[in-house]
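Trainee: Give the three-dimensional model of this entry:
(one chain, ligands or ions: 1)
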Amino acid sequence: MPLKIWDKLYPHQQDSIRWLYTLHRRRTGGILGDEMGLGKTVQVITFLYGIEYNKLSRTWVGLGPTLIVCPATVMHLWVKHIHDWAPEFRVAVLHASSTFVGPMSRLANEIYESKGILIVTYQGILKHQDCILNYRWHYVILDEGHKIRTPTSKVTLVVKRLVTTHRLILTGTPMQNNLLELWSLFDFTNPGLLGSCEIFDEHFAKPIIRGGYENAPAVQKQIALTVAASLKNIISPYLLRRTKKEVQDHIALPGKSEQVLFCALTDEQKKLYKDYLLSEQVGNVLEKGKNWFRDTSTRAKVFVAITMLRKLCNHPDLFIRNAAENLEDQVPDEPLNFDVRFDYRRSGKMRVLSALLKIWKRQGNRVLLFAQGRATLNILQHFLDKNDYTYLKMEGTTPISSRHSLIHLFNHSTEHFVFLLTTRVGGLGINLIGANRVIIFDPDWNPATDSQARERAWRIGQSRDVNIYRFVSSGTIEEKIYQRQVWKQFLSNRVLVDPRVDKHIFKSSDLFDLFSLNETDSSLETANIFQDAQVKIPEIVKAEQPADEFSEEKIREMKELAHKIALSFPQKKQTVDQQELADERAKKLEEKEKLKTLSAPELLQLNREKANTEENPWVNKVDDADTPASFSEALEYTEATSRLHTELVQGKKKPADAAEKTNELKLKMKMKSASSVDQNQPSTSYAHDNSSKKKKLPKKSSGEEGYKTYVDHSGAVDDEKVEGLVKAEIKLRKKRKVEKVESQDDYVLRSLLKTAGVSGVLEHETVIQGSSKGTLRLQMEAEERARKSVEALRWSRLDNFKWDH
Ligand SMILES: Nc1ncnc2c1ncn2[C@@H]1O[C@H](COP(=O)(O)OP(=O)(O)OP(=O)(O)O)[C@@H](O)[C@H]1O
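Mentor: Down below sits the predicted model:
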């Protein structure tokens, strides 16, 4: 690969190029399963470029015709990335939004003949299968390849018929709901690796699932663990997965926090919820008992009832409309028409949303707001309109051709505060790093859908810390959905990350469990299950908000105001007697000249005396322990700190930077820094001479606790003032107490808990990470079982081989 490209890749990307090349040489496929946003697209394009550049393939002399299948929203992103990283490639999009004039089959043929790259959507492959299946492709790449996770879906079946030597899948979420999905993906990239679907289900999927339940016997738990470890060994060579945490040293992403906010239902929602649970519709479903899922029509009714409850959790209007129209078998997801009675406060989650957006707007944050359905999105849009928030919106009906420009607009201008998206359309494959806050308004059954959505902002290119909030209506169906998400995530982690992940938490939910409302109190069911994940907000030490609480806009306003005030000064001066001014100037000049004649200790002594006598809000009692070596050094120091002080007052420098600079100056002057020995003492101190003892500073008022005081000696505040020995007090947070000072996140959470009806908060990461303390008591039996599973798989491969030949 040309160095000019190689050098631009991060180390983990270079590793994956090596891995892809190993697969290439073995003429086999694989799954590139890096977490979202680590640059899988870039890795694959540069790898293909390497094949072309080195003419590595014997069959094609370089890269042969290549097919990329991806979701519609990212088609143009692929084109852009190819233009950026490998402009020599000929690339075309097989889609109505393409600029090509003429039949699509001709376009496909032209690209094929010129050994170019053809990009098509998953729908497109169904539509154009007749022509695409006719060709023998060099590489077939499925981006967001989890789209073929259902073994029997039409698109999966068509994709598996593609004729090609090299098959790659790119996905940040290789396993989403169950283990058979993983089988389906490998059945495309490495046919036969995991045996037949039935054998895999019986010998791998079922044992792993059985051992995952809390009430499973110990032997089953141990079998699950060992079988999962065997499976991981089998797939490891063909699955490359790195998490952001693992490569953080290279990519240096900013911080991320992810919390689950449990929002209380409003009284109206509660009443409607309970009434619905008691309704005939739900009663009919519950009557079916344990075997409800065997009957298709009951399954459909359960689905409708659950959807109704989910809508109610979002806003009563969504529920009432459906109930009024008595839509028994279907729940349309059409936008609603709002009348003047619309009130966001009737929804508990929207109250929380309102409180959050207010704070974030003030703080200068920008938000991705994800919701499952178009109807919910519509209600959220109405809320944003009413509150004059600027926003963009993208959902299923947004034309493909305009999606890319919407994304570009959001990322490249700060004009829009919120980006409203449906989770499935806006959550896949795109970059939305213009936002640093994410809300997932309602949870999906599939944890990967929500994970994909949250990763739109926290990815390469993001420079600000990202906070993610998942909203869950407490006590409702949404809690059950969230619990199912955790369970699925646990299964996925067991196979993809660490088989020892040990979080046996769930028994399978029955219908009564789903159709219930837990009203007990704010100590939620989910919070009780995951007690270790509960977020505890530290006590507030300092009442006022930290200085960085101000948004950029607010700072600009403050600066403008300061500027206006400053402009008013000269007018006042004109009213002062000119003679007085001249006298004043002469006096100050004289003082300055006199200062130059003083020795360094005299200068500092004078300085200290002035500080201790003057009534000046910037002045603090001086407690000095160090002496500069010479007068010129002292003067240099005084002037430098004076400049610093001016910059500080003018807002050009932050207190922390000013303090750092001052410390540098001190070091330069070879002054002792006694304060660095004791963090509780002021950071800068002066003294009559080296032997003098340090005096303790008077205690600060309580409002200033959590800060250390830095006493700075400086000259003029601005040019109009007399140069001399003026002191400033710069407040810095004490290192030791910094964690006690309320962070922006804590401030947000506290506000929500206090006023917006949030009844609990869980740290999502802690919820999904299991401990790895698995017992090895039944190791032998489990190993035997795992050995049998692998053997069954080998026989199954042999059977397939016989059939194939
Ligand atoms: N080496 C690199 N140098 C600069 N930018 C990069 C590099 N690699 C990736 N990026 C940028 O990082 C962002 C994320 O990359 P990309 O979209 O390829 O990630 P992904 O892993 O495919 O994500 P997803 O799974 O969400 O589709 C893009 O904006 C891309 O341009």
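Trainee: What does the pLDDT read for residue 464?
Mentor: Here the pLDDT value assigned to residue 464 is 90.
Trainee: Please settle this for me: is it part of a strand?
Mentor: No - using DSSP: H, G, I helix; E, B strand; the rest coil, the secondary structure at residue 464 is coil, not a strand.
Trainee: check contacts around it.
Mentor: For residue 464, the contact set (C-beta atoms under 8 Å, 6 or more residues apart in numbering) comprises 254, 436. Where you see a C-beta, it was placed from the backbone N, CA and C, and this is true even at glycine.
Trainee: repeat that with 10 Å
Mentor: 254, 255, 364, 365, 366, 433, 434, 435, 436, 437, 457, 458 (C-beta atoms under 10 Å, 6 or more residues apart in numbering).
Trainee: list the contacts for the second one?
Mentor: In this case it means residue 255. Contacts of residue 255 by C-beta under 10 Å, 6+ apart are 458, 464, 465, 466, 467, 745.
Trainee: Then residue 157?
Mentor: Contacts of residue 157 by C-beta under 10 Å, 6+ apart are 126, 148, 150, 151.
Trainee: surely the last one meets residue 205?
Mentor: What it means is residue 151. No - if you go by C-beta atoms under 10 Å, residue 151 and residue 205 don't touch, sitting 11.9 Å apart.
Trainee: shared neighbours, these two?
Mentor: Common neighbours of residue 151 and residue 205 (C-beta under 10 Å, 6+ apart) are 180, 181, 183, 197.
Trainee: Those residues in helices, which ones?
Mentor: The members of the shared contacts of residue 151 and residue 205 that map onto helices under DSSP state H are 180, 181, 183, 197.
Trainee: Close to the ligand: what parts of the protein are there?
Mentor: 8-10, 13, 34, 36-42, 172, 429, 431, 455, 459-461 (C-beta under 6 Å from any ligand atom).
Trainee: Let's have the contacts of residue 464 in TSV, adding secondary structure and pLDDT.
Mentor: Shown next, in TSV, are the contacts of residue 464 (DSSP: H, G, I helix; E, B strand; the rest coil; pLDDT from 0 to 100):
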residue	secondary structure	pLDDT
254	coil	90
255	coil	87
364	coil	90
365	coil	93
366	coil	95
433	coil	92
434	coil	93
435	coil	94
436	coil	93
437	strand	94
457	coil	89
458	coil	88
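Trainee: Residue 241: which of the residues you listed is nearest?
Mentor: Minimum distance to residue 241 across the contacts of residue 464 is 17.2 Å, recorded for residue 458 (C-beta to C-beta).
Trainee: if we can go back for a sec, looking at the residues of the chain next to the ligand, which are in strands?
Mentor: Using DSSP state E, no member of the residues of the chain next to the ligand falls within strands.
Trainee: Could you identify the buried members of those residues?
Mentor: 9-10, 13, 34, 36-42, 172, 429, 431, 455, 459-460 (16 or more other C-beta atoms under 10 Å).
Trainee: which residue packs closest to the closest residue to the ligand within the stretch 151-300 of the chain, ignoring adjacent ones?
Mentor: Of all residues in the stretch 151-300 of the chain, residue 172 sits closest to the ligand, at 3.9 Å by C-beta to the nearest ligand atom. Once flanking residues are discounted, residue 172 sits nearest to residue 36: 3.6 Å by C-beta to C-beta, 6 or more residues apart in numbering.
Trainee: among the shared contacts of residue 151 and residue 205, which two are most distant?
Mentor: 181 and 197 (11.1 Å).
Trainee: Can you get me a residue count around residue 450?
Mentor: 26 (other C-beta atoms under 10 Å).
Trainee: Relative to the ligand, how far out is residue 343?
Mentor: Counting by C-beta to the nearest ligand atom, to the nearest Å, the separation of residue 343 from the ligand is 37 Å.
Trainee: Next up, phi/psi of that residue, please.
Mentor: In terms of degrees, to the nearest 10, the main-chain angles of residue 343 are phi -140, psi 120.
Trainee: Write a ChimeraX command that selects only the buried members of the contacts of residue 464.
Mentor: A single ChimeraX command selects the buried members of the contacts of residue 464 (16+ other C-beta under 10 Å):
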select :364,365,366,433,434,435,436,437,457,458
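Trainee: so where's the stretch 51-200 of the chain uncertain?
Mentor: 57-58 (pLDDT under 70).
Trainee: Going along the chain, name the helices of it.
Mentor: Secondary structure of the stretch 51-200 of the chain (DSSP state H, counting those that start in this stretch): helices located at 75-85, 104-113, 122-127, 129-132, 154-159, 179-189, 197-200.
Trainee: List the buried residues for the fourth one?
Mentor: When you say that, I think you mean helix 129-132. 129, 131, 132.
Trainee: Check which helix or strand residue 443 maps to.
Mentor: According to DSSP states H and E, residue 443 maps onto no helix or strand at all.
Trainee: Give me the spatial nearest neighbour of it, chain neighbours excluded.
Mentor: residue 481 (4.8 Å).
Trainee: I'd like the distance between that neighbour and the ligand.
Mentor: Distance from residue 481 to the ligand, by C-beta to the nearest ligand atom: 23 Å.
Trainee: burial count for residue 232?
Mentor: 16.
Trainee: which residues sit in contact with the residue nearest to residue 409 when sequence neighbours are not counted?
Mentor: Once flanking residues are discounted, residue 409 sits nearest to residue 392: 6.7 Å by C-beta to C-beta, 6+ apart. Residues counted as contacts of residue 392 (C-beta under 10 Å, 6+ apart) are 398, 406-407, 409-410, 415-421, 434.
Trainee: do you know how far the residue in the stretch 451-600 of the chain that the ligand sits nearest to is from residue 62?
Mentor: Proximity of the stretch 451-600 of the chain to the ligand (C-beta to the nearest ligand atom) peaks at residue 460, 3.3 Å away. To residue 62, residue 460 is 29 Å away according to C-beta to C-beta, to the nearest Å.
Trainee: So, low pLDDT: which residues of the stretch 251-400 of the chain?
Mentor: Looking at the stretch 251-400 of the chain by pLDDT under 70, you get 288-294, 321-341.
Trainee: helices or strands up against whichever strand or helix holds residue 451?
Mentor: Assigned by DSSP H and E, residue 451 falls within helix 447-454. If contacts are counted by 3 or more C-beta pairs under 10 Å, 6 or more residues apart in numbering; DSSP states H and E, helix 447-454 sits against strand 256-263, strand 367-371, helix 423-426, strand 437-440, strand 466-473, helix 477-496, helix 764-768.
Trainee: can you rerun that using 7 Å?
Mentor: Here helix 447-454 touches helix 423-426, strand 437-440, helix 477-496, going by 3 or more C-beta pairs under 7 Å, 6 or more residues apart in numbering; DSSP states H and E.
Trainee: Of those, flag the one that's most buried.
Mentor: Compared across these, strand 437-440 shows the largest average neighbour count, a mean of 25 (mean count of other C-beta atoms under 10 Å).
Trainee: contacting residues around that one?
Mentor: Defining contact as C-beta atoms under 7 Å, 6 or more residues apart in numbering, one finds that strand 437-440 is touched by 353, 360, 365-370, 450, 453-454, 457, 466-471.
Trainee: right, and the helices and strands packed on helix 447-454 - which one's nearest residue 278?
Mentor: helix 477-496 (15.3 Å).
Trainee: The closest one vs helix 179-189, what angle?
Mentor: 50 degrees (axes from the mean of the first three to the mean of the last three C-alpha atoms, to 10 degrees).
Trainee: how about helix 477-496 as PDB, C-alpha atoms only?
Mentor: The C-alpha trace of helix 477-496 is given here as PDB (Å, rounded to 0.1, in the frame of the first residue of the first chain):
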ATOM      1  CA  ILE A 477     -43.500  -2.300  29.300                       C
ATOM      2  CA  GLU A 478     -40.400  -0.200  28.500                       C
ATOM      3  CA  GLU A 479     -38.600  -1.500  31.600                       C
ATOM      4  CA  LYS A 480     -39.300  -5.000  30.400                       C
ATOM      5  CA  ILE A 481     -37.900  -4.100  27.000                       C
ATOM      6  CA  TYR A 482     -34.800  -2.600  28.500                       C
ATOM      7  CA  GLN A 483     -34.300  -5.800  30.600                       C
ATOM      8  CA  ARG A 484     -34.600  -7.900  27.400                       C
ATOM      9  CA  GLN A 485     -32.000  -5.700  25.800                       C
ATOM     10  CA  VAL A 486     -29.600  -6.400  28.600                       C
ATOM     11  CA  TRP A 487     -30.200 -10.100  28.300                       C
ATOM     12  CA  LYS A 488     -29.500 -10.100  24.600                       C
ATOM     13  CA  GLN A 489     -26.400  -8.000  25.100                       C
ATOM     14  CA  PHE A 490     -25.200 -10.500  27.700                       C
ATOM     15  CA  LEU A 491     -25.600 -13.400  25.200                       C
ATOM     16  CA  SER A 492     -23.700 -11.400  22.500                       C
ATOM     17  CA  ASN A 493     -20.900 -10.500  24.900                       C
ATOM     18  CA  ARG A 494     -20.600 -14.200  26.000                       C
ATOM     19  CA  VAL A 495     -19.800 -15.300  22.400                       C
ATOM     20  CA  LEU A 496     -18.000 -12.200  21.000                       C
END
